[in-house]
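>>> mind looking at a prediction? Sequence and model below.
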Amino acid sequence: MYVNTKDILEKASKEFYAVPAFNINNLEFLIAILEGAVEKNAPVIIETSEGAIKYAGNGDPIRGAKFFVNLVKGYADTLNIPVALHLDHGKNIEYIAAAIKAGYSSVMIDASHEPFEENLKITKEVVKWAHAAGVSVEAELGQLAGIEDNVSAEENVLVDPEQAKIFVEETGVDFLAPAIGTSHGAFKFKGEAKLDFERLEKVKKLTNIPLVLHGASSVPVKYVELAEKYGADLGGAKGVPAEEIKKCVKLGINKVNTDTDLRIAFLAGLRKNLTENVKEFDPRKYFKEGMQFVKDVVMDRLEFLGAAGKA
Ligand SMILES: O=C(COP(=O)(O)O)N(O)CCCCO
Ligand code: NA
Ligand SMILES: [Zn+2]
């Protein structure tokens, strides 16, 4: 069933587990994710960046947002697990408005690159607007490094826990993404992963709302190697080890944004399938293996985040 993101995350926050938010741009990833969640009897959040909405709507945000709402709602309403649709990294007011109007479960207003007071002001506006339409809101404090889609920043600016308390009280935001050292994309750390767990613990205590971990892909080496075996060049790809993410969940992370892992898994399956079936030209056949690998990554993540069995 198609639900509000807040319902999924409030439950997760109370019971200290996390629900993955998987990014999609097309039908194949959506099917693989939802079938993985059904198999694990788990809640799941589908999210689209503004770039995904632009892609699906061929440049028109209203068409793209409506397309995704109908696609996700249509499929989710036939399932017995809770599914929400979230606008990830909303920056452009046209896209945020289109998502709210089309019927997204929740929207992220990402004004974390703005000075604190500006981020607070913009977020307050969007919260008023979204809540009037029954839509929940995510915001970000501090900045992630890393490049992906139109989401980029030079270096990490970690969240200030005292500021987070004021921000949540003043804006009424439903869930918060505190920057604690992760970054977007496949090349996350120069050395070892270093997340600021003490800072995360303080933010949870001071805000007591569901928290979001961005840049949470683990970049599983088996799919990187498989993709490279069939011609990809992903040299140096490095993610957040699952054990580090599990520590974040214990400290109050409840939504775990995952995009890169699905991209790499699909790429590995697609390259393998195309190489091994040179006569095949039915996309329902040559996308199959990539979809299976995406489903496998989804099920593994639902397990280690503790969302399995929580539908
Ligand atoms: O935080 C994340 C997930 O990051 P990643 O999967 O790269 O670790 N996202 O918000 C997805 C990135 C959207 C732009 O493509
Ligand atoms: Na988000
Ligand atoms: Zn993100």
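Ah, there it is. Ligands and ions are numbered 1, 2, ... in the order given.
>>> so E118 versus G306, what's the distance?
Note on E118: its distance to G306, by C-beta to C-beta, to the nearest Å, is 36 Å. (Each C-beta comes from the backbone N, C-alpha and C, glycine too.)
>>> again, but for I33
For I33, the distance to G306 (C-beta to C-beta) stands at 18 Å.
>>> these two: which has the busier surroundings?
Set side by side, I33 and G306 show more neighbours around I33, with 29 against 18, by other C-beta atoms under 10 Å.
>>> now do the contacts for the residue nearest to V157 when sequence neighbours are not counted.
Nearest in space to V157, with sequence neighbours left out and distances taken as C-beta to C-beta, 6 or more residues apart in numbering, is Q143 at 4.1 Å. Going by C-beta atoms under 8 Å, 6 or more residues apart in numbering, Q143 touches S112, H113, A153, E155, N156, V157, A179.
>>> so I264, which of the three states?
In three-state terms, and counting by DSSP: H, G, I helix; E, B strand; the rest coil, I264 is helix.
>>> from what I can see it touches E225, true?
No - under the criterion of C-beta atoms under 8 Å, I264 lies out of contact with E225, with a separation of 10.3 Å.
>>> which one's more surrounded, these two?
Neighbour count, other C-beta under 10 Å: between I264 and E225, I264 has more, with 27 against 12.
>>> Y55 - how many residues pack around it?
Counted with other C-beta under 10 Å, residues neighbouring Y55 total 16.
>>> which neighbouring elements make contact with the helix or strand harbouring it?
For Y55, the element it lies in under DSSP states H and E is helix 50-56. Using 3 or more C-beta pairs under 8 Å, 6 or more residues apart in numbering; DSSP states H and E as the contact definition, the elements that helix 50-56 packs against are helix 61-76, strand 83-90, helix 93-102.
>>> let's see it at 6 Å
For helix 50-56, the contact count by 3 or more C-beta pairs under 6 Å, 6 or more residues apart in numbering; DSSP states H and E identifies helix 61-76 as packing neighbours.
>>> buried residues, the helix it packs on. List them.
61-69, 71-73, 75-76 (16 or more other C-beta atoms under 10 Å).
>>> just the CA atoms of that helix, as PDB, please.
What follows is helix 61-76 as a C-alpha-only set of coordinates in PDB (Å, rounded to 0.1, in the frame of the first residue of the first chain):
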ATOM      1  CA  PRO A  61       8.700  18.400 -13.900                       C
ATOM      2  CA  ILE A  62       4.900  18.100 -13.700                       C
ATOM      3  CA  ARG A  63       4.900  15.200 -16.200                       C
ATOM      4  CA  GLY A  64       7.800  13.500 -14.600                       C
ATOM      5  CA  ALA A  65       6.400  13.800 -11.100                       C
ATOM      6  CA  LYS A  66       2.900  12.500 -12.200                       C
ATOM      7  CA  PHE A  67       4.600   9.700 -14.100                       C
ATOM      8  CA  PHE A  68       6.400   8.500 -11.000                       C
ATOM      9  CA  VAL A  69       3.400   8.900  -8.600                       C
ATOM     10  CA  ASN A  70       1.200   6.800 -10.900                       C
ATOM     11  CA  LEU A  71       3.900   4.200 -11.500                       C
ATOM     12  CA  VAL A  72       4.800   3.800  -7.800                       C
ATOM     13  CA  LYS A  73       1.200   4.100  -6.500                       C
ATOM     14  CA  GLY A  74      -0.100   1.800  -9.200                       C
ATOM     15  CA  TYR A  75       2.300  -1.000  -8.200                       C
ATOM     16  CA  ALA A  76       2.400  -0.300  -4.500                       C
END
